[in-house]
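> show me how the following folds:
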Amino acid sequence: MFPLPAWRGKHSFPPTLALLVRWRGDGKSTSCVFLRQPHELLPSWRQRTRDRSTTPSSLFEDRYDVMKNPIEDELRIPSQGYVIGCDEVGRGPLAGPVTAAAVALPLHFVAPAEVDDSKKLTPKKRASLNHYIRETIARSQETSTHPGAFAIVDLEASVIDEMNILQASLHAMRQAAESVVEQMASLAVKMKLHLVLIDGHKTLPDCVYPQRAVIKGDQKSLHIACASILAKEHRDALMVAYHDQYPLYGFDRHKGYPTKAHREAIARHGICPLHRRTFNMK
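Numbers count the residues shown, from 1 in each chain. The predicted structure is shown next:
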């Protein structure tokens, strides 16, 4: 026998079974979902099972099962297939870019139960999940035969003014999705894109890949929820950095959104290069 960590609950499990369990991290109990081959997550198991091969499931429900009835449960993915989730943030602000993220999750992604629409998360929880998603994908690219990838695209105010905010957000999501496809092709040549999931009711124009729009997708799809978190954290950090360049507007607080304080700052100081000139500033 080799030592196991102190799992809460009385059930044991084989390496290929997906179960909802509880694990302790930083002194707190956190819900997690083990998505096949949980031995990959345990150093003691990894050392003793490094020669054991893994067989990817053809059913998405065996891979990702953290949200209640996630849209991924409806999909049947080939063993060498993957899905991309896309979301954007920053359609409503008066200043700053619209930011899109696209995410392809690795096969053995362990989804914390807190993964959800980024707008429902506290800043602390969102920052923690952003770090976890990025680090998990980075590790998968080094160790997994079914890795993940992500891409983030910013379109600045001048592009938004030229294209309009809807077209700019769709264009940014398409660019992000295309970047993930290129990464996956370089990481795992045999893997093929099965579907692109887009948050909202519109599909991506001029997209050559199979795609599906999902209304409230950041609440229904694990991939889209992860993309939502990455996009939100990236844009917020960008607006905080812009505050150092344009300190009169309070970008570190409102992130460019049309708050009373923001509108008053515009009335007092005029607009700066970050502002969207086609938006109503009053």
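> return the helix or strand in the protein with minimum mean pLDDT.
Lowest on mean pLDDT, DSSP states H and E among the helices and strands of the chain sits helix 43-48, with a mean of 33.
> tell me the strands beside the helix or strand just after it, with direction?
Downstream of helix 43-48, the first helix or strand assigned by DSSP states H and E is strand 81-89. In the sheet, strand 81-89 lines up against strand 98-104 (antiparallel), strand 192-199 (parallel) (DSSP bridges).
> strands paired with the host helix or strand of residue 153, and their directions?
In this assignment (DSSP H and E), residue 153 forms part of strand 149-155. Strand pairing for strand 149-155, using DSSP bridges, gives strand 98-104 (antiparallel).
> what about the partner strand, distance to the chain center?
Between the centre of strand 98-104 and the centre of its host chain there is 7 Å, according to Cα atoms, centre = their mean, to the nearest Å.
> ok, now stretch 236-250?
The chain centroid and the centroid of stretch 236-250 are separated by 24 Å under Cα atoms, centre = their mean.
> list of residues touching that stretch?
Stretch 236-250 has contacts (Cβ atoms under 8 Å, 6 or more residues apart in numbering) with 95-97, 99, 154, 251-252, 255-256, 261-262, 265-266, 268-269, 272, 274. All C-beta spots, glycine's among them, are computed from the backbone N, C-alpha and C.
> change it to 6 Å
The contact list for stretch 236-250, computed with Cβ atoms under 6 Å, 6 or more residues apart in numbering, reads 96, 251-252, 255-256, 261, 265, 269, 272.
> also stretch 184-204?
77, 80-87, 104, 141, 147, 149, 170, 173-174, 177, 181, 209-215, 217-218, 221, 223-224.
> and what of stretch 168-176?
Contacts of stretch 168-176 (Cβ under 6 Å, 6+ apart): 86, 88, 91, 98, 100-102, 151, 153, 155, 159-160, 204-205, 207.
> can you check stretch 86-93 too?
Looking at what lies outside stretch 86-93 - Cβ under 6 Å, 6+ apart - the contacts are 98-100, 102, 165, 169, 173, 177, 198-199, 218, 224, 227-228, 231-232, 235, 256-257.
> quick one: low-confidence ranges for the stretch 1-150 of the chain?
Low-confidence segments of the stretch 1-150 of the chain (pLDDT under 70): 1-69, 113-114, 116-117.
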